Structures are given as C-alpha cells and as structure tokens.
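K.L.:
Based on what follows, work out the 3D shape:
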Amino acid sequence: MLNKQIAKAKINLCLHVTGQDKNGYHLLDSIVTFANYGDELIFRKNETFEIVSDGQFSEDLNNIPITDNIIYKAAKELRLSDGIKIGLKKKLPLSAGIGGGSANAAATFRGLIEYCNTSLPIDNGLTLGADVPVCLKSTNQRMQGIGEILSDIEFLPKLSAVLVNSGDKVSTSTIFKILKSKANKNISSLPNKKLTFFETIHFLSKLRNDLELPAIEIVPNIRKVLDSLNDCGSNLSRMSGSGGTCFGLFQSFELAQKAAGEISLQNPNWWVRPVVLG
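P.N.:
Numbers count the residues shown, from 1 in each chain. Just a heads-up that it's a prediction; the model follows:
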C-alpha cells in the first residue's frame, strides 16, 4: 500500500460572485473551511492503472467511463505511466457543493506525487476545477479570482456543524446562468483576531452565498433543508458552494449531533452528517 488520503468536504461559509473575466469565468470571493469528514482514497501498486469505487455514493461514479473520472484526469495531469490501483470510498454526495470531485483530484495529487517522482501542475489543478487548489490546502482559506488566489486565514475557531443534502443534484452551470447579478460586492476586510463562536456568527451573518437564491429557484428542497436546520436551533444556516448541501452552525458538537438525529428522523432519505469544521 502506498498511502491513504482523506478528501475532506469543502464548505463555503460564504460565496460572493464579484464579476466575470474576459474568458467568461466567474470571479469569486469566498471563505472556505473543511470538515473532518470526506472520501477516502487508498493507493496501491498494480499491473495496470485502475480505479475501484465503493461506498454510499459510488454507484454514479461506476456508471461513467474512466476517462471522465476526475481521479483519472488528475493522475494524467501528473503523467502517470506506472500501474497503480486507486481505491475510492465515496462517502460524500455528488454534485453537492462541497467539493467532492475537486477534493478527490487534490487527494490524488497528494497521493501520487511521491510515487510519480514529479511535482504538482503549475496551476495546482485549476484546469480540473476551481476548487482543486483550495482542496489541495484543505485549511481555512480566503479564495478569490477564479479559485487561484488563496490566502491563509486565522480568525475562524473550530465550528460544530451539520451538513444536510436532500439528494437533489444541482447543476453549477445552470445556477450561474440564472444568477441575476454577476458583479456583487466582495467580502471586504477580514477580522484580524481569533473570533469566538458568536463573533463568528455575527461576522458571517453579514455575508452571503450569491448562488443560494438561484439554486432554490431550481431546487426548492434546498429551502426545506435550510428550514430544517433553523428549526433544530442552528445559529446560522446557509448553502455551500453551488448547492445543494447546506450547513448549520451550532454552539457545541453535542447540539449538532442532536440536530442531526432530529433531521434524519424527520427526513430519512436525506444525507445528514454532524461534523467539525476548521
């Protein structure tokens, strides 16, 4: 066995769409953190190149050609020629706004970099997806531009949260197409000291996810997910990325666990996970 990598769930605590560049790519300003939960990738030597997926959300991946798999694309970015078997335990839902594919690509880079005796792509995987560079870091970051401008941030405390996904797939391209304003205000300045939980809630409540309302327009269940988090006592509920996973922030992990249990009981077909962020 070569090694094991965790592809952590990426959470956009806020996401401001601030414009478009000359190539049509959307410009973003986002505060990104990561959960202590994600997909698992295990790397072993093999006669040929092979990807084997299992886990709760593996079925959709197993039904696509290997050349469409972002793990395969990441391996090819490193010019992999030796045989290797990558085992993926798919624990995160697909098309869910929490960077599952990008985190898998980043974990593939990390897992293969020593094996291939090579280095990261110059763009840190940006051509594979806007979230790949930030997923390579998997630490608290301010993400700007089209995903290539990253800044370490220190003000966030660890946060107890519940992640909820109704199972509805959300198309990122469709969300951006119906977004009414492509040039919105950026985040502006960040706190210069470590915040308490309630200071964090106060700060984040002044920010937003510009993709949330268009996503709800396409997938009304996202509103139901947010309502369920609020009903269970979340101090701040918001959609992550382009959806449809939403998060609720709670004062303690015990409260998050309790809320997750209540939401799961009321909505047995939803994916619900209590996590720690940061």
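K.L.:
Nearest spatial neighbour of V132, chain-adjacent residues omitted?
P.N.:
Leaving out its chain neighbours, the residue that sits closest to V132 by C-beta to C-beta, 6 or more residues apart in numbering is G125, at 3.5 Å. In this view, the C-beta of every residue, glycine as well, is placed from N, C-alpha and C.
K.L.:
Local confidence estimate at the residue nearest to R79 when sequence neighbours are not counted?
P.N.:
In this structure, R79 finds its nearest non-sequential neighbour in T118, 6.7 Å apart by C-beta to C-beta, 6+ apart. We have a pLDDT of 79 for T118.
K.L.:
can you check P220 too?
P.N.:
96.
K.L.:
Against D168, how distant is it?
P.N.:
For P220, the distance to D168 equals 9 Å [C-beta to C-beta, to the nearest Å].
K.L.:
Can you pick out the residue with more neighbours from those two?
P.N.:
Shown here are P220 and D168; by other C-beta atoms under 10 Å, D168 has more neighbours (18 against 11).
K.L.:
ok so that one is a strand residue?
P.N.:
No: D168: not assigned to a strand; according to DSSP: H, G, I helix; E, B strand; the rest coil it is coil.
K.L.:
For the host helix or strand of T108, list the C-alpha coordinates in CSV.
P.N.:
Counting by DSSP states H and E, the element that carries T108 is helix 100-112. Output of helix 100-112 as CSV, limited to C-alpha atoms (Å, rounded to 0.1, in the frame of the first residue of the first chain):
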residue,chain,number,x,y,z
GLY,A,100,-16.3,16.1,-3.6
GLY,A,101,-14.8,15.8,-7.1
SER,A,102,-12.2,18.5,-6.5
ALA,A,103,-11.2,17.1,-3.2
ASN,A,104,-10.7,13.7,-4.9
ALA,A,105,-8.5,15.3,-7.5
ALA,A,106,-6.5,17.1,-4.8
ALA,A,107,-6.1,13.9,-2.8
THR,A,108,-5.0,12.1,-6.0
PHE,A,109,-2.3,14.7,-6.4
ARG,A,110,-1.1,14.3,-2.8
GLY,A,111,-1.2,10.5,-3.0
LEU,A,112,0.7,10.2,-6.3
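K.L.:
Would you mind listing the buried residues in that helix?
P.N.:
Buried residues in helix 100-112, counting neighbours by 16 or more other C-beta atoms under 10 Å, are found at 100-112.
K.L.:
Now for C135, how many residues are close by?
P.N.:
C135: 30 surrounding residues under other C-beta under 10 Å.
K.L.:
so what's it up against?
P.N.:
The neighbourhood of C135, defined by C-beta atoms under 8 Å, 6 or more residues apart in numbering, consists of A7, K8, K10, G99, S102, A103, A105, A106, A107.
K.L.:
so how far is V225 from the spatially closest residue to F57 that is not a sequence neighbour?
P.N.:
In this structure, F57 finds its nearest non-sequential neighbour in K90, 4.4 Å apart by C-beta to C-beta, 6+ apart. Distance, K90 to V225, by C-beta to C-beta: 21 Å.
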